[in-house]
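Visitor: Quick one: sequence plus predicted model below, questions after.
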Amino acid sequence: MKVISGIYKLLWGDIVSFNIGGSTIGLSLLVLILIPAGIYFTIITRFLPIRLFPEMCKVAAKKSVDMEKKSNVSGLEALIVSTATRVGMGNLVGVVAAVSAGGAGAVFWMWVTAIIGASTAFIEATLSQLYKEKDPLYGGYRGGPAYYLHSFFRGKKSKSILAILFALSGLLCWCGISQVIGNSVSEAFDNAFNVPKIVTAVVLCLAGAFVVMKKDISVKVLDVIVPIMAAFYILLTIFVIINNINLLPSVFERIFKEAFGLRQVVSGGFGTVLMNGVKRGLFSNEAGSGSAPCAAAVADVDHPVVSGLLQALGVFIDTIVICSCTAFVMLLAPESVTVNKSGMGLLQAAMVHYFGNAGSVFIALTLWFFCFSTFIGILFYARSNVAYVFGDNWASQKIYKVIALINLFVGCIAAYGIVWDLGDIGIGLMTIFNMIALIPMSKKAVDSLKEYEQRIK
């Protein structure tokens with residue numbers, strides 16, 4: 001426990017702090033790595049998220065190069081897989097926590113972080129395409145940070161130690177997330193419908209096993225679930241905004257005032273506003289962690305940059321669209337409804353205000369779909385990492401899936417803090433190992449971008 005706690009504090013705890021106008025801003029190791037790297041990637045790609053946003057939307061509609069092969073995954077399908085894992089707990093619990101702790105101003109800093117994160121997502125996704133390889137088990141392609149780390153560090157060895165460490169960190173992280181998913185869904189259904197946790201555990205695990213234990217069904221299920229759940233959530237939010245359109249200018253005014261306002265600086269709260277927005281933005285869109293490149297690598301696209309643009313668009317969808325939806329639902333509600341509320345209670349109170357008791361039911365169902373799609377997505381990510389560490393065999397693939405399903409079941413019944421910490425440690429270590437290669441290899445992605453832009457001219 002001491003070792004785990006020590007590693008956790010090193011990765012997530014504030015290791016540097018300084019004062020601005022009486023406010024203390026603490027920076028964790030991961031923020032110190034991801035923010036400067038994201039700014040660097042934004043500069044060397046010449047502000048790609050803004051400059052090439054129309055192109056991102058354009059390539060989202062492109063078909064696979066050879067979709068006659070059932071094993072091939074189109075760029076849009078790869079985007080849906082990565083969106084399934086991004087659009088999850090971070091969009092509900094994470095945003096609620098950021099606004100609860102940092103106020104409305106945290107939303108602005110989440111938006112800024114998304115622009116920076118989109119550049120990071122572009123670099124890692126493009127590299128995953130440049131270093132992808134054929135998948136002899138599932139067909140199509142596979143790749144991700146383990147594979148470009150392998151190319152960068154292997155020398156004369158058959159495997160890279162850093163690539164193995166990245167893959168193991170990812171497998172550790174995704175098992176931890178499986179428990180978090182199970183716990184979140186069972187709690188939500190217990191509160192909304194009084195469904196016993198054991199019933200939720202059995203149903204969720206049977207549904208999960210049906211999807212992940214079959215060879216080709218994961219992407220097909222996500223193709224259906226993700227667009228529907230995202231569209232439904234956005235439409236309900238638009239309904240709330242239209243019904244409260246007269247309050248919208250005051251909400252934007254509050255967001256910008258609290259993001260920069262003197263009130264936060266004088267009261268010593270500016271650091272809380274800034275860092276809550278930054279941290280929640282970084283870990284909601286997962287840019288830099290190396291998760292999404294595992295999906296980006298499998299895309300059958302006609303140029304590596306296409307996959308990079310799609311993953312940059314994924315960050316926009318996650319943070320600018322979905323996270324903002326959650327924030328607006330809370331900020332448009334009267335203060336009398338949300339006063340003294342925090343965490344999921346704040347979001348549930350806002351939804352009950354708009355839709356009555358159906359609001360609480362809606363949140364439970366939304367959480368179920370978000371979490372279930374996340375579980376399918378992380379098992380899709382795990383394929384290439386299991387193969388890199390344990391070789392091309394079905395035994396290791398199935399064993400890892402069974403372990404993940406066991407974690408999902410256990411998480412539904414009870415919450416074990418140590419496993420949650422292991423999940424956080426896993427994603428922290430993934431980020432560090434990924435960034436070791438990402439920064440020096442970024443020139444290859446930029447060169448590919450220049451070639452792509454010359455071609456589309």
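Guide: Structure's in. What do you need? Residues are numbered from 1 along each chain as shown.

Visitor: Lys150 is in contact with Ala387, isn't it?
Guide: You called it Lys, but residue 150 is His. No - counting by C-beta atoms under 8 Å, His150 stays clear of Ala387, with 11.8 Å between them. Just so you know, the C-beta spots here come from the backbone N, C-alpha and C atoms, and that holds for glycine as well.

Visitor: so which strand or helix has Ala231?
Guide: Per DSSP states H and E: Ala231 is located in helix 217-243.

Visitor: pLDDT (mean, whole number) over the next helix or strand after that helix?
Guide: Tracing the chain C-terminally past helix 217-243 and defining elements by DSSP H and E, one meets helix 248-260 next. Mean pLDDT, computed over helix 248-260, is 84.

Visitor: Show me what helix 248-260 is packed up against.
Guide: Counting contacts by 3 or more C-beta pairs under 8 Å, 6 or more residues apart in numbering; DSSP states H and E, helix 248-260 packs against helix 105-130, helix 270-285, helix 324-331.

Visitor: Make JSON lines from the ones you listed and add distance to Asp318, mean pLDDT and mean neighbour count to it.
Guide: Below are the helices and strands packed on helix 248-260 laid out as JSON lines (distance: least, C-beta to C-beta, whole Å; pLDDT from 0 to 100; neighbours: other C-beta atoms under 10 Å):
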{"stretch": "helix 105-130", "distance to Asp318": "8", "mean pLDDT": "89", "mean neighbour count": "28"}
{"stretch": "helix 270-285", "distance to Asp318": "5", "mean pLDDT": "63", "mean neighbour count": "26"}
{"stretch": "helix 324-331", "distance to Asp318": "10", "mean pLDDT": "85", "mean neighbour count": "23"}
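
Visitor: thinking again about what came up before, for the helix holding Ala231, buried residues please.
Guide: Residues 218-219, 221-223, 225-226, 229-230, 233, 236-237, 240-241 are the ones in helix 217-243 that count as buried (16 or more other C-beta atoms under 10 Å).

Visitor: what does stretch 45-61 give?
Guide: Per 16+ other C-beta under 10 Å, stretch 45-61 contains these buried residues: 45, 48-49, 52, 55-56, 59-60.

Visitor: Identify the spatial nearest neighbour of Tyr388, chain neighbours not counted.
Guide: Ala146 (4.5 Å; C-beta to C-beta, 6 or more residues apart in numbering).

Visitor: Give me the neighbour count for that neighbour.
Guide: Neighbour count for Ala146, taken as other C-beta atoms under 10 Å: 34.

Visitor: tell me which element it falls in.
Guide: Element membership of Ala146, judged by DSSP H and E, is helix 145-153.

Visitor: Can you get me the centre-to-centre distance for that helix and its chain?
Guide: Chain-centre distance of helix 145-153: 22 Å, with C-alpha atoms, centre = their mean, to the nearest Å.

Visitor: Could you tell me the average pLDDT over it, please?
Guide: Computed over helix 145-153, the mean pLDDT rounds to 91.

Visitor: what residues does that helix touch?
Guide: Residues outside helix 145-153 that contact it (C-beta atoms under 8 Å, 6 or more residues apart in numbering) are 124, 127-128, 130-133, 159-164, 166-167, 170, 290, 293-294, 297, 384-385, 388, 430, 433-434, 436-438, 440-441.

Visitor: So which of the residues you listed are in strands?
Guide: The strands, defined by DSSP state E, take in Glu133 from these.

Visitor: Pull out the buried members of the contacts of helix 145-153.
Guide: Taking 16+ other C-beta under 10 Å as the criterion, what is buried in the contacts of helix 145-153 is 124, 127-128, 130-132, 160, 162-164, 166-167, 170, 290, 293-294, 297, 384-385, 388, 430, 433-434, 436-438, 441.

Visitor: if you look at those, which of them are in helices?
Guide: Applying DSSP state H to these, the entries found in helices are 124, 127-128, 130, 162-164, 166-167, 170, 293-294, 384-385, 388, 430, 433-434, 436-438, 441.

Visitor: Ala333: what secondary structure?
Guide: Classification of Ala333 using DSSP: H, G, I helix; E, B strand; the rest coil returns coil.

Visitor: Surely it is in contact with Leu347?
Guide: No - here Ala333 lies out of contact with Leu347, judged by C-beta under 8 Å, at a distance of 9.4 Å.

Visitor: In terms of neighbours, single out the busier of these two.
Guide: For the pair Ala333 and Leu347, the greater number of neighbours falls to Leu347 (26 against 22), based on other C-beta under 10 Å.

Visitor: check contacts around the more buried one.
Guide: Neighbour list for Leu347: 92, 96, 326, 329-330, 363 [criterion: C-beta under 8 Å, 6+ apart].
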